[in-house]
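Visitor: I'd like to go over a predicted model; first the sequence, then the structure.
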Amino acid sequence: MPSDPFFHPVSGFDLPRFAGVPTFMRLPYVPPEHGRFADVDIGLVGVPWDSGTTNRPGPRHGPRQLRDASTMIRAQHGDTGVRPFETVNCADLGDVGPNPADIQDSMNRITAFYDTLVGQGIRPLTAGGDHLTSLPVLRALAKDGPLGMIHFDSHTDLFHSYFGGTMYTHGTPFRRAVEEELLDPKRVIQIGIRGTMYDSEDRDFAESVGIRIVPIEEFFARGVSDVMAEAREVVGDLPTYVSYDIDFVDPTFAPGTGTPEVGGPNSFQALQVCRELYGVTIAGADMVEVSPPFDASGGTAFLGVSIMFELLCAMVAD
Ligand code: MN
Ligand code: MN
């Protein structure tokens with residue numbers, strides 16, 4: 001055991017933020033073949049994959065842009081004081097290489113990579129990728145039984161299929177996850193749902209299996225604390241996945257995504273919901289649907305990594 005058990009991010013006091021090779025939050029790059037891979041507690045992983053996207057693609061470029069933007073992240077949470085990098089051992093585990101021409105092969109590759117993490121007791125914090133990414137990740141994480149889930153999104157991603165029978169898209173991952181018993185629907189809450197709809201098929205399914213949907217109107221009427229208290233109650237003390245689609249946030253603050261919906265939370269509320277996750281037993285978390293081609297200012301990626309830092313703090317907080 002080394003005298004210092006933690007990998008540390010490079011400080012902006014030692015090397016300016018615009019210098020060096022960008023990794024997530026300036027942590028060391030520790031791929032599975034690294035000698036200290038097994039010492040990692042929380043692994044930040046990129047999944048540059050958007051083959052499940054049905055409209056405007058681009059999240060395959062997300063991890064690289066998120067890594068670059070993450071050089072802005074410092075070591076200590078500004079409000080809660082959590083210092084995640086000195087609480088558990090964190091590292092950038094690199095990217096899972098997908099097969100952009102084959103969805104099933106890509107999902108198998110992603111699950112195999114996350115199986116390796118689970119085998120070493122590493123909890124993943126994933127940077128997608130479109131929202132189909134969550135499905136192969138859940139297949140690895142839910143080996144011991146279904147997980148609960150707190151899901152921030154403007155969409156339910158609960159549709160049965162697209163284009164007359166295509167089962168694997170970024171609009172269907174959680175329907176599959178419930179069918180495959182990766183999620184316990186009674187321990188799933190979806191927050192921020194809004195926008196025009198194809199029909200009510202997704203919401204009818206949610207109701208039939210006991211998934212709790214908090215539409216944006218209710219979110220604003222009740223406020224962050226009240227809604228998140230209910231979210232903690234829904235998932236309880238058992239292992240829970242946190243999935244965060246950047247399109248949860250209003251497109252004024254996060255335009256760089258494929259399927260934006262107006263009338264959403266601002267960037268501060270986007271962070272606040274994460275601070276209400278402290279105490280939840282988080283088995284893994286993801287930030288998905290950041291699409292650099294639609295992110296002209298880079299601001300969406302910066303918000304995305306700021307949320308990833310919040311999620312990381314929630315993963316280490318008691
Ligand atoms: Mn989504
Ligand atoms: Mn969405």
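Guide: Yep, it's here. Just so it is clear, the structure is predicted and the values come from calculations on it, not from any experiment. Ligands and ions are numbered 1, 2, ... in the order given.

Visitor: Write out the residues of the stretch 51-200 of the chain neighbouring ligand 2.
Guide: 153, 155 (C-beta under 5 Å from the ion). Every C-beta, even on glycine, is put in place using the N, C-alpha and C of the backbone.

Visitor: which bits of the stretch 151-300 of the chain sit near ligand 1?
Guide: 153, 157, 245.

Visitor: Next, the contact list for the first one, please.
Guide: Residue 153 makes contact with 131, 190-193, 243-245, 247-248, according to C-beta atoms under 8 Å, 6 or more residues apart in numbering.

Visitor: same question, the second one
Guide: Taking C-beta under 8 Å, 6+ apart as the contact definition, residue 157 lies against 131, 151, 170-175, 202, 245.

Visitor: Please flag which of those residues sit within helices.
Guide: Under the assignment DSSP state H, the contacts of residue 157 contribute 173-175, 202 to helices.

Visitor: Show the pLDDT at residue 309.
Guide: On the pLDDT scale, residue 309 is placed at 98.

Visitor: That one - how many residues pack around it?
Guide: 23 (other C-beta atoms under 10 Å).

Visitor: now do the one 5 residues further on
Guide: Neighbours of residue 314 under the rule other C-beta under 10 Å: 24.

Visitor: mind listing the strands for this structure?
Guide: 42-47, 90-95, 123-128, 147-152, 183-193, 212-215, 240-245, 282-288 (DSSP state E).

Visitor: Who's the closest spatial neighbour of the residue most central in space within the chain, skipping the chain neighbours?
Guide: Nearest to the geometric centre of the chain sits residue 286, at 1.4 Å (C-alpha atoms, centre = their mean). Once flanking residues are discounted, residue 286 sits nearest to residue 126: 3.9 Å by C-beta to C-beta, 6 or more residues apart in numbering.

Visitor: need the contact list for residue 69.
Guide: Contacts of residue 69 by C-beta under 8 Å, 6+ apart are 298, 301-302, 304-305.

Visitor: Find the nearest non-adjacent residue to it, please.
Guide: Per C-beta to C-beta, 6+ apart, closest to residue 69 is residue 301, 4.1 Å.

Visitor: Quick check: pLDDT value at the one you found.
Guide: For residue 301, pLDDT reads 98.

Visitor: Could you list the low-pLDDT ranges of the stretch 1-150 of the chain?
Guide: 1-2 (pLDDT under 70).

Visitor: Sketch out the helices for it, chain order is fine.
Guide: In the stretch 1-150 of the chain, the segments counted as helices under DSSP state H, counting those that start in this stretch are 62-69, 103-119, 134-141.

Visitor: what's the answer for the stretch 151-300 of the chain, then?
Guide: Going by DSSP H, counting those that start in this stretch, the stretch 151-300 of the chain shows helices at 173-179, 201-209, 216-222, 224-235, 267-275, 299-316.

Visitor: Compile the contacts of residue 153 into CSV and extend it with columns for neighbour count and distance to residue 291.
Guide: Listed next are those as CSV, based on neighbours: other C-beta atoms under 10 Å; distance: C-beta to C-beta, whole Å:
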residue, neighbour count, distance to residue 291
131, 30, 12
190, 27, 21
191, 24, 21
192, 29, 18
193, 26, 20
243, 28, 17
244, 28, 15
245, 26, 11
247, 29, 10
248, 29, 14
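
Visitor: picking that back up, highest mean neighbour count out of the helices of the stretch 1-150 of the chain?
Guide: helix 134-141 (a mean of 25; mean count of other C-beta atoms under 10 Å).

Visitor: Give me the distance from that one to the chain's centre.
Guide: 12 Å (C-alpha atoms, centre = their mean, to the nearest Å).

Visitor: hang on, the earlier thing: contact partners for the residue nearest to residue 286?
Guide: Contacts were defined as C-beta under 8 Å, 6+ apart; by that measure residue 126 touches 44-47, 133-134, 137, 284-288.

Visitor: same thing with residue 266?
Guide: Residue 266 neighbours (C-beta under 8 Å, 6+ apart): 249-250, 252-253.

Visitor: let's see 7 Å
Guide: 250, 253 (C-beta atoms under 7 Å, 6 or more residues apart in numbering).

Visitor: And the one 10 residues further on, by the same measure?
Guide: Contact partners of residue 276, counting by C-beta under 7 Å, 6+ apart, are 224-225, 228.

Visitor: how about a cut-off of 8 Å?
Guide: 224-225, 228-229, 231-232.

Visitor: What pLDDT is listed against it?
Guide: pLDDT at residue 276 comes out at 98.

Visitor: Could you check how far it is from ligand 2?
Guide: As defined by C-beta to the ion, to the nearest Å, residue 276 lies at a distance of 20 Å from ligand 2.

Visitor: Residue 20: how many residues sit nearby?
Guide: 12.

Visitor: likewise residue 8?
Guide: Counted with other C-beta under 10 Å, residue 8 comes out at 14.

Visitor: Quick check: closest non-adjacent residue to it.
Guide: residue 85 (6.0 Å).

Visitor: contacting residues around the one you found?
Guide: Residue 85 neighbours (C-beta under 8 Å, 6+ apart): 6-9, 25, 27, 75.
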